[in-house]
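*Asks:* kindly generate the corresponding structure for this input.
(one chain, ligands or ions: 3)
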Amino acid sequence: MTFSYSMKRGALLVLNSGSSSVKFTVFEVDPGEEQIMPLFSGQLTGIGTDAHLSAKAATGERMADESWAERDSGDVPALLPSLLAWVEEHLPPDLPLLAAGHRVVHGGANLRHPAMITDHLLGELETLIPLAPLHEPQNLAAIKVLADNRSDLPQVACFDTAFHHTQPRTSTTYAIPRHLTDAGIRRYGFHGLSYEYIARHMETHLPQLASGRVVVAHLGNGSSLCALNRGASVDTSMGFSVLEGVPMGTRPGNLDPGILIYLMRKFEMDADALEHLLYHQSGLLGVSGVSNDMRVLLSRDDDNSREAVDLFCIRTAKEICSLACSMGGLDALVFTAGIGEHSAEIRARICGHLKWIGVDLDKDLNKDDATRISTAASLPVHVIPTNEELMIARHTVDLLTMRNAA
Ligand SMILES: Nc1ncnc2c1ncn2[C@@H]1O[C@H](COP(=O)(O)OP(=O)(O)O)[C@@H](O)[C@H]1O
Ligand SMILES: CC(=O)OP(=O)(O)O
Ligand SMILES: [Mg+2]
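*Replies:* Ligands and ions are numbered 1, 2, ... in the order given. Below is the predicted model:
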């Protein structure tokens with residue numbers, strides 16, 4: 001995969017590939033004008049069961065809401081060529097596809113910045129698959145399909161781990177023998193593109209927050225929290241893998257590691273069985289026995305669903321306090337991602353556990369589309385919608401234009 005490249009006005013495809021879904025956004029980019037504008041976005045969901053494409057223009061107009069079940073032979077690589085063709089069919093005629101940017105969940109210990117995809121880089125990323133078995137194979141599969149179908153297209157990998165490389169060793173080190181730490185068993189942290197977007201957003205729009213100590217709660221299907229001191233990551237709740245931290249849709253968050261030894265001995269669970277339990281059967285789904293979707297759990301009044309939500313809220317509140325400790329205090333709290341942006345009730349319940357540190361939500365402000373949701377006397381609490389795709393687009397353009405200038 002080699003290319004010679006000159007960045008001009010055109011379209012940029014950003015892909016965020018998960019195990020059963022591929023989210024995408026297409027941007028118009030004009031490096032000369034320093035302009036990156038979303039054109040349309042969408043997602044392929046239900047891959048492997050009942051694939052479905054939905055997409056809408058940046059103006060809000062629906063572009064697709066259709067079953068792709070007949071094209072679905074079970075995985076991301078089988079569907080991506082069709083998605084690429086669909087994207088190209090829907091580009092304005094004067095905007096050719098120029099490049100692709102990808103969210104790659106794990107960049108390991110060495111990849112501290114976005115990087116051009118090369119065969120060498122792909123080889124390095126393949127060694128990280130065991131560290132992120134839920135995400136990394138799908139991220140790499142998407143890159144390979146694009147390389148096979150459009151070898152002329154430059155591709156950039158943006159890593160969820162990269163933003164956390166500013167952390168001190170006390171945040172990244174587990175209390176295990178040093179030779180294991182040296183072998184890469186350390187805390188990496190994830191959702192870095194989301195935290196980076198929030199940090200940049202605060203710099204521009206909320207400079208007072210940006211210069212302080214902020215905990216950002218990225219609460220989605222995968223959830224983590226990050227301690228941002230003057231815009232740099234100093235600690236985060238996810239560690240070696242995307243399993244550590246708070247309970248998530250189907251992942252448990254922190255567990256006593258003794259449980260794993262017990263499960264292996266008592267229930268003869270092997271690595272595959274443990275992986276399935278921890279990535280797919282735990283978290284909100286495991287506790288409720290009903291769903292991994294917070295909306296579903298909030299609409300029910302059975303004891304197990306209630307307990308799943310209670311556990312999510314108290315564990316998230318405890319994590320906020322723990323991250324505040326890593327910064328020696330807290331100046332503001334920010335909620336983002338699916339649950340953080342859209343569930344006023346979960347925000348209220350998490351903040352209800354934080355009254356003793358001076359958090360006081362304003363009921364009238366804590367609504368959908370809210371920005372600051374706390375009372376004037378409270379420690380400031382904000383909702384900032386994240387935009388990982390825009391962060392990837394900015395990195396991709398930066399990298400391609402820098403390369404071009406070199
Ligand atoms: N209005 C809402 N109330 C409660 N939870 C919501 C709401 N809207 C979305 N969610 C939650 O957000 C999750 C998706 O968040 P998102 O950040 O898009 O996740 P991911 O990127 O990990 O797929 C859903 O699984 C659902 O639990
Ligand atoms: C890192 C991670 O958990 O990602 P996602 O929220 O997309 O599952
Ligand atoms: Mg996400």
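*Asks:* how many residues are close by Leu153?
*Replies:* Using other C-beta atoms under 10 Å, Leu153 is surrounded by 18 other residues. In short, each C-beta sits where N, CA and C put it, glycine included.
*Asks:* okay, it: pLDDT?
*Replies:* Reported pLDDT at Leu153 in the predicted model: 95.
*Asks:* ok, now how distant is it from Arg103?
*Replies:* 17 Å (C-beta to C-beta, to the nearest Å).
*Asks:* again, but for Ala109
*Replies:* When Ala109 is compared with Arg103 (using C-beta to C-beta), they lie 19 Å apart.
*Asks:* can you check Glu33 too?
*Replies:* Relative to Arg103, Glu33 is positioned 25 Å away (criterion: C-beta to C-beta).
*Asks:* who has more neighbours, these two?
*Replies:* With neighbours defined as other C-beta under 10 Å, Glu33 and Arg103 compare such that Arg103 has more, 24 against 9.
*Asks:* spatially nearest residue to that one (excluding sequence neighbours)?
*Replies:* If the residues on either side of it in the chain are set aside, Arg103 comes closest to Asn16, at 4.3 Å by C-beta to C-beta, 6 or more residues apart in numbering.
*Asks:* again with Thr336
*Replies:* Thr386 (4.4 Å).
*Asks:* ok, whichever residue of the stretch 51-200 of the chain sits closest to ligand 2 - contacts?
*Replies:* In the stretch 51-200 of the chain, the residue that lies nearest ligand 2 is Phe190 (3.6 Å; C-beta to the nearest ligand atom). Contact analysis of Phe190 by C-beta atoms under 8 Å, 6 or more residues apart in numbering lists Val105, His106, Asp160, Thr161, His164, Gly222, Ser224, Thr236, Met238, Val242.
*Asks:* which pair in those residues spans the largest distance?
*Replies:* Farthest pair in the contacts of Phe190 (C-beta to C-beta) is His164 and Gly222. Separation: 15.1 Å.
*Asks:* who has more neighbours, those two?
*Replies:* Per other C-beta under 10 Å, whichever of His164 and Gly222 has more neighbours is His164, with 27 against 24.
*Asks:* ok, then the element right after the longest strand along the chain?
*Replies:* Across the chain, the strand with the greatest residue count (assigned by DSSP state E) is strand 35-45. Next in sequence after strand 35-45, counting helices and strands by DSSP states H and E, comes strand 52-57.
*Asks:* got the buried residues for that following strand?
*Replies:* His52, Leu53, Ala55 (16 or more other C-beta atoms under 10 Å).
*Asks:* same check on stretch 176-186?
*Replies:* Applying 16+ other C-beta under 10 Å to stretch 176-186 flags Thr181, Arg186 as buried.
*Asks:* tell me the residues on the stretch 151-300 of the chain that lie near ligand 2, please.
*Replies:* Asp160, Phe190, His191, Gly220, Asn221, Gly222, Val242 (C-beta under 6 Å from any ligand atom).
*Asks:* now Lys56: how far from Ser41?
*Replies:* Distance of Lys56 to Ser41, computed by C-beta to C-beta: 7 Å.
*Asks:* how about the closest residue to ligand 1 within the stretch 1-150 of the chain: what's its closest non-neighbour residue?
*Replies:* Nearest to ligand 1, among the residues of the stretch 1-150 of the chain, is Gly18, at 6.6 Å (C-beta to the nearest ligand atom). Residue nearest to Gly18 in three dimensions, not counting chain neighbours: Gln138, with 5.9 Å by C-beta to C-beta, 6+ apart.
*Asks:* tell me where the model's unsure across the stretch 151-300 of the chain.
*Replies:* Nowhere does the stretch 151-300 of the chain drop to pLDDT under 70.
*Asks:* where along it do the strands fall?
*Replies:* 155-159, 213-219, 223-229, 232-236 (DSSP state E, counting those that start in this stretch).
*Asks:* which strands border the longest strand of the chain, and is each parallel or antiparallel?
*Replies:* strand 22-30 (antiparallel), strand 52-57 (antiparallel) (DSSP bridges).
*Asks:* can I get the first one as CSV, trimmed to CA atoms?
*Replies:* The C-alpha trace of strand 22-30 is given here as CSV (Å, rounded to 0.1, in the frame of the first residue of the first chain):
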residue,chain,number,x,y,z
VAL,A,22,-20.3,0.3,11.4
LYS,A,23,-20.9,4.0,12.0
PHE,A,24,-19.7,6.3,9.3
THR,A,25,-19.7,10.0,8.5
VAL,A,26,-18.7,11.7,5.2
PHE,A,27,-17.2,15.2,5.4
GLU,A,28,-16.5,17.8,2.8
VAL,A,29,-12.9,18.8,3.3
ASP,A,30,-11.1,21.8,1.8
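*Asks:* and that strand, how far out from the chain's middle?
*Replies:* Per C-alpha atoms, centre = their mean, to the nearest Å, the displacement of strand 22-30 from the mean C-alpha position of its chain is 17 Å.
*Asks:* so what touches that strand?
*Replies:* Under the contact criterion C-beta under 8 Å, 6+ apart, strand 22-30 has outside partners 7, 9-17, 35-44, 47, 76, 79-80, 83, 87, 90-92, 95, 98, 138, 142, 389-390, 393, 397.
*Asks:* swap in 7 Å and give it another go.
*Replies:* Applying C-beta atoms under 7 Å, 6 or more residues apart in numbering, the external contacts of strand 22-30 come out as 9-16, 35-44, 76, 83, 87, 95, 98, 142, 389, 393, 397.
*Asks:* give the contact list for Pro247.
*Replies:* With C-beta under 7 Å, 6+ apart, Pro247 has these contacts: Gly253, Gly283, Leu284, Leu311, Phe312, Arg315.
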